[in-house]
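Chemist: Pasted the sequence and its predicted model underneath.
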Amino acid sequence: MRITIVGNGYVGLVAGICFAENGNDVVGLDVDAEKVARLTRGELPIFEPGLSDLFVQSVRAKRLRFTTDYDDATRHAEVVFLCLPTPPTDDGSADTRYVMTAVREIARRMDGYKLIVSKSTVPVGTCAKVAAEVRSHYSGPFSVASNPEFLKEGTAVEDFLKPDRVVLGVTDDRAWDILNALYQPFVRTGAPILRMDPASAELTKYAANAFLATKISFMNEIAGLCEKTGADVDLIRSGISKDARIGSAFLFPGMGFGGSCFPKDVRALVQSARENGVSMKTVEAAASVNDSQKLVMLPKILSHFGGSVAGKNIAVWGLAFKPRTDDIREAPALALIEKLLAAKARVRAYDPEAMANVARYFKGKIELTDTAYDALRDADALVIATEWNLFRMPDWELIRALMRTPAIFDGRNIYRPAYVREQGFSYYGIGRA
């Protein structure tokens, strides 16, 4: 199938490369000429495990190429996937101008039937607006559909190639037949392809992310209560996760969620509800809890140092919002570091993948090191902000030798408190007895 991907950010690149991996002829369209040049040279602008190998294979096989030319990309396509950013506006609603601009440019060049598919996370009713925009520029046959993505950064390739479900919001059988055929190779293990209307598909994405965000915030509130009562959040998590109605996913307390999806989508859902005269108190609370949770380690750090960290050397392990990605958008580590800097602490930090992005973000305000252990030299405290696997079994003897004072602030509860204390460290976790 001939596919055009409009927008070659995170979602667009994963989708385009995975479609090409399954034998489709894919063109990636982007208005960023520098990005297109890099991709054409074989340089991926994002880090995602497993994506680079598939990218190289598809380019070499000439199943994947990139362009800035709308004429070329439109002429090529049977199916056009819109994978454009929908950043939050000041009131939290999703900004769809990039989507609508791309639709306008595609519609002006259409000749013959095209299926236009929104893969961007967009407010309910966007597909109807897309259809209206196309009609204002093109009188021929076309379809518009919604196909939300459910990719998790760090496992996006696996998520796309072996989805747990595919959601298709369509208004006609022709669009359904095309998309159903396109996704058949991805669901050979029996995962369902769900047919629904576009509005329901659009809201499904927001509902899924808001529900998962709510689970995280709920568990973080339980962790806060544990610290007041002497209960252990790890035991409570074990106790409730065995209930099939609850499950075990997204019940790990920590420094809150970040990234490009959960924070933005939660706020957008709340604003969409307000515009429709609906109050979503549960989702609003999840967002509020998360804003506070990003700084949950700060009072513990201040208390340990008698109320002030001025002049203290604070080491931070982990800067991306989650492991297996270089994405630092709304990363809890950044919020904590900013507060530490404001309190006159010196920060030295390390992350396996996000260093370049963090360097651009802080512009020399913190020291970034070549290794995790380099960040510990003369440190007064170590904060674990992202649960990368390489941090899970460190050399405790070396850590103690490098640090000036042995204090661990485990913002992801990856260590056993008793064991760390046996190694001679002060230990602070989240919600642990």
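Modeler: Structure's in. What do you need? Quantities reported herein were computed from a predicted structural model and do not represent experimental measurements.
Chemist: Residue 114 touches residue 130, doesn't it?
Modeler: No. If you go by CB atoms under 8 Å, residue 114 and residue 130 don't touch, sitting 11.8 Å apart. Quick note: C-beta positions are derived from backbone N, CA and C, even for glycine.
Chemist: So for those two, which sits in the more crowded spot?
Modeler: Between residue 114 and residue 130, counting by other CB atoms under 10 Å, residue 130 is the more crowded of the two (28 against 23).
Chemist: just for the stretch 101-250 of the chain, where's the confidence low?
Modeler: The model of the stretch 101-250 of the chain has no residue with pLDDT under 70.
Chemist: show me what contacts residue 181?
Modeler: Going by CB atoms under 8 Å, 6 or more residues apart in numbering, residue 181 touches residue 1.
Chemist: same deal with residue 316?
Modeler: Neighbours of residue 316 in contact, by CB under 8 Å, 6+ apart: 333, 336-337, 347-350, 375, 382-383, 385.
Chemist: how about it, secondary structure?
Modeler: strand (DSSP: H, G, I helix; E, B strand; the rest coil).
Chemist: Distance-wise, check it relative to residue 156.
Modeler: Remark: distance between residue 316 and residue 156 (CB to CB, to the nearest Å) = 25 Å.
Chemist: again with residue 23
Modeler: In terms of CB to CB, residue 23 sits 20 Å off from residue 156.
Chemist: Neighbour count for those two, which is higher?
Modeler: residue 156 (26 against 12).
Chemist: Phi first, then psi, for that one.
Modeler: Main-chain torsions, residue 156, degrees, to the nearest 10: phi -60, psi -40.
Chemist: what about the closest residue to it other than its chain neighbours, how many residues close to it?
Modeler: Closest residue to residue 156 apart from its sequence neighbours, by CB to CB, 6 or more residues apart in numbering: residue 14 at 4.8 Å. Using other CB under 10 Å as the criterion, residue 14 is surrounded by 26 other residues.
Chemist: Can you give me the distance of residue 14 to residue 192?
Modeler: In terms of CB to CB, residue 14 sits 21 Å off from residue 192.
Chemist: circling back: taking the contacts of residue 316 one by one, which sit in strands?
Modeler: Among the contacts of residue 316, DSSP state E puts 347-350, 382-383 in strands.
Chemist: ok, and for the longest helix anywhere in the chain, which residues are buried?
Modeler: Criterion DSSP state H: the longest helix present in the chain is helix 198-229. Neighbour counts over helix 198-229 (16 or more other CB atoms under 10 Å) mark 198-199, 201-206, 209-210, 212-224, 226-227 as buried.
Chemist: what's the answer for stretch 126-133, then?
Modeler: 126-127, 129-131, 133.
Chemist: for stretch 43-50, same thing?
Modeler: Those would be 46-50, for stretch 43-50 by 16+ other CB under 10 Å.
Chemist: Over to stretch 418-433?
Modeler: Of the residues in stretch 418-433, those buried (16+ other CB under 10 Å) are 420, 425, 427-432.
Chemist: can you name the two of the residues you listed that are farthest apart?
Modeler: Farthest-apart pair in those is 425 and 431; separation 18.7 Å (CB to CB).
Chemist: can you give me the strands for this structure?
Modeler: Going by DSSP E, the chain shows strands at 2-6, 25-29, 64-67, 79-82, 114-118, 142-146, 166-169, 193-196, 313-317, 346-350, 367-368, 381-384, 407-410, 426-428.
Chemist: In TSV, list these along with distance to residue 94.
Modeler: TSV is the format used below for the strands of the chain (distance: least, CB to CB, whole Å):
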stretch	distance to residue 94
strand 2-6	17
strand 25-29	21
strand 64-67	26
strand 79-82	13
strand 114-118	12
strand 142-146	14
strand 166-169	16
strand 193-196	20
strand 313-317	31
strand 346-350	32
strand 367-368	33
strand 381-384	33
strand 407-410	35
strand 426-428	37
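Chemist: Select, out of the ones you listed, the one closest to residue 35.
Modeler: strand 64-67 (8.2 Å).
Chemist: Summarise which helices and strands the closest one is packed against.
Modeler: Secondary-structure packing of strand 64-67 (3 or more CB pairs under 8 Å, 6 or more residues apart in numbering; DSSP states H and E): helix 10-21, strand 25-29, helix 33-40, helix 51-60.
Chemist: Look up how far residue 406 lies from the residue nearest to residue 156.
Modeler: Distance from residue 14 to residue 406, by CB to CB: 42 Å.
Chemist: now swap in residue 268 and tell me
Modeler: 44 Å.
Chemist: In terms of packing, which of those two has more residues around it?
Modeler: Taking neighbours as other CB under 10 Å, residue 268 and residue 406 compare with residue 268 leading, 25 against 21.
Chemist: hang on, that one packs against residue 91?
Modeler: No. The criterion here is CB under 8 Å, and residue 268 misses it with residue 91 at 9.8 Å.
Chemist: Grab the CA positions of stretch 234-241 and hand them over as PDB.
Modeler: Extracted in PDB, the C-alpha atoms of stretch 234-241 (Å, rounded to 0.1, in the frame of the first residue of the first chain):
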ATOM      1  CA  ASP A 234       5.100  -1.800  48.100                       C
ATOM      2  CA  LEU A 235       3.100  -4.200  50.200                       C
ATOM      3  CA  ILE A 236      -0.100  -2.300  49.500                       C
ATOM      4  CA  ARG A 237       0.700  -2.400  45.800                       C
ATOM      5  CA  SER A 238       1.200  -6.100  45.900                       C
ATOM      6  CA  GLY A 239      -2.000  -6.500  47.900                       C
ATOM      7  CA  ILE A 240      -4.300  -4.700  45.400                       C
ATOM      8  CA  SER A 241      -2.600  -5.600  42.100                       C
END
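Chemist: List the contacts of it.
Modeler: Stretch 234-241 is contacted by residues 219, 222, 226, 246-248, 251-253, 413, 431-432 when judged by CB under 8 Å, 6+ apart.
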